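Visitor: need coordinates for the following:
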Amino acid sequence: MTSELPCIPDVITLPSYKLHVYARGTMVVGAQGVGYVLFDPFTLVSNTATSPGSTSSYPVIYTGATYNSSTIDWQPSGGAFPTGVSGAVGNSVFGAPSAALQSGQMRLVGGGIRIRYSGNELYRGGSIIAYRQQGNINIPTGSSTSNLLASPLSARAPVNRSWHQVNYLPDETLWLEYKSFGTTYDVTETGASHYSLLLAVTAPIASASATQQTFDWEASCFYELIGSNLTLTPSHSDPVGVGAIRAATSQSTLMTTSPAVEEKSILNQIMNTAWESVSGLASFAGSKALEYGSRVATKAATRAVTQGMAAMLL
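Guide: All right, here's what the predicted structure looks like:
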């Protein structure tokens, strides 16, 4: 990969291998009007489902046409998916047994998942729910959409053909550090999964086969890796920025727009504030100039009148 991919600015310049991984698929709303895509952004770095048939081995879990539940059911029973649930991996160059992953360290720079309606326009309806589990831990299996919407880390939007997304947020400083894949991010380790990002759909239409709603989904992540046998490229150091990032990790928020849009919004706010400040100064300076000019003109006119009267008296 190239140095043009993003990194996490650190207190020192530390070269790293930078990786962009994505996965795509189609989700279908089930018979009871509920469908979902669930994402563990830490494990998309591997292109291998290490234990097929177990949901804890796939970074992306999503529903199909035979899903038949009104809640978000995702955990395996007897090592198998719930009925109508499938898993997907991404296009990473690394497999789970990869020496680079097992001997090196990695960290998640950024990521998220998004969906958009792709079905028949006649059957489009319902709501899309974006949700992020605080602490980047697993969303409880069996969660109802009403309970998810009661959380401040959720948002709802009508179903349409625009992309709707939810982004990863490092809400604890531990997520900014390099960690060993085999001990922290390995999905085969008990309790090490992080299915924390969810996009769910609730549909008001009875889900007969002809009317089932379908959605395209995309998951995408950027990673940094360090270790042997990796092509390292320069990263950046930003001691001030790192401090600001670490201070912001305690904030509980939900990001449902792309980082580029977030950045543009922030820059627009900065520019608007600067413009208002400059405009205020310009207006103040203009009024002072006008006031000063008026004073000068008044004094000149008074002087002219006085000199004219003096000439007449002579």
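
Visitor: low-confidence ranges in the chain?
Guide: Scanning the chain for pLDDT under 70 picks out 1-3, 50-56, 77-79, 96-102, 181-192, 205-211, 245-253, 255, 257-314.

Visitor: how is it partitioned into domains?
Guide: Domains of the chain are assigned by automatic domain parsing as 17-257, 259-314.

Visitor: OK, contacts around residue 26?
Guide: Contact analysis of residue 26 by Cβ atoms under 8 Å, 6 or more residues apart in numbering lists 118, 214, 215, 216, 217. Quick note: C-beta positions are derived from backbone N, CA and C, even for glycine.

Visitor: tell me which of those residues fall in strands.
Guide: Counted as lying in strands by DSSP state E, out of the contacts of residue 26, are 214, 215, 216, 217.

Visitor: residue 148 in helix, strand or coil?
Guide: helix (DSSP: H, G, I helix; E, B strand; the rest coil).

Visitor: quickly list what the closest residue to it other than its chain neighbours is bridged to.
Guide: Nearest residue to residue 148, sequence neighbours excluded (Cβ to Cβ, 6 or more residues apart in numbering): residue 131, at 4.8 Å. Counting by DSSP bridges, residue 131 is bridged to residue 154, residue 198.

Visitor: any idea how far residue 131 lies from residue 7?
Guide: Going from residue 131 to residue 7 by Cβ to Cβ, to the nearest Å gives 28 Å.

Visitor: how many residues are close by residue 33?
Guide: Look at residue 33: counted by other Cβ atoms under 10 Å, it has 18 neighbours.

Visitor: does it really touch residue 212, like I thought?
Guide: No. Using Cβ atoms under 8 Å, residue 33 is not in contact with residue 212, being 10.0 Å away.

Visitor: mind listing the strands for the stretch 101-250 of the chain?
Guide: 105-117, 127-132, 154-158, 164-167, 179-180, 197-202, 214-226 (DSSP state E, counting those that start in this stretch).

Visitor: buried sites along the last one?
Guide: The reference is to strand 214-226. Neighbour counts over strand 214-226 (16 or more other Cβ atoms under 10 Å) mark 214-226 as buried.

Visitor: same check, this time on the second one
Guide: Residues 128, 129, 130, 131, 132 are the ones in strand 127-132 that count as buried (16+ other Cβ under 10 Å).

Visitor: thinking again about what came up before, nearest to residue 57, of the ones in strands among the contacts of residue 26?
Guide: Within the ones in strands among the contacts of residue 26, the smallest distance to residue 57 is 18.5 Å, found for residue 217 (Cβ to Cβ).

Visitor: can you name the residues bridging to the closest one?
Guide: Counting by DSSP bridges, residue 217 is bridged to residue 25, residue 115.

Visitor: take the buried residues of strand 127-132 and lay them out in JSON lines including distance to residue 84.
Guide: Below are the buried residues of strand 127-132 laid out as JSON lines (distance: Cβ to Cβ, whole Å):
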{"residue": "128", "distance to residue 84": "19"}
{"residue": "129", "distance to residue 84": "18"}
{"residue": "130", "distance to residue 84": "22"}
{"residue": "131", "distance to residue 84": "20"}
{"residue": "132", "distance to residue 84": "24"}
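
Visitor: show me which pair in these is furthest apart.
Guide: 128 and 132 (14.1 Å).

Visitor: wait, residue 63 touches residue 27, no?
Guide: Yes. Here residue 63 reaches residue 27: they are 5.8 Å apart, a contact under Cβ under 8 Å.

Visitor: between those two, what contacts are shared?
Guide: 35, 36, 37.

Visitor: out of these, which one sits closest to residue 13?
Guide: Once Cβ to Cβ is applied, the member of the shared contacts of residue 63 and residue 27 that ends up nearest residue 13 is residue 37, at 37.1 Å.

Visitor: the closest one - how many residues pack around it?
Guide: By the criterion of other Cβ under 10 Å, residue 37 has 25 neighbours.

Visitor: which strand or helix spans it?
Guide: Using DSSP states H and E, residue 37 falls within strand 34-39.

Visitor: for that strand, packing partners?
Guide: strand 17-28, strand 60-63, strand 105-117, strand 197-202, strand 214-226 (3 or more Cβ pairs under 8 Å, 6 or more residues apart in numbering; DSSP states H and E).

Visitor: please repeat the previous calculation with a cut-off of 10 Å.
Guide: strand 17-28, strand 60-63, strand 85-88, strand 105-117, strand 127-132, strand 197-202, strand 214-226 (3 or more Cβ pairs under 10 Å, 6 or more residues apart in numbering; DSSP states H and E).
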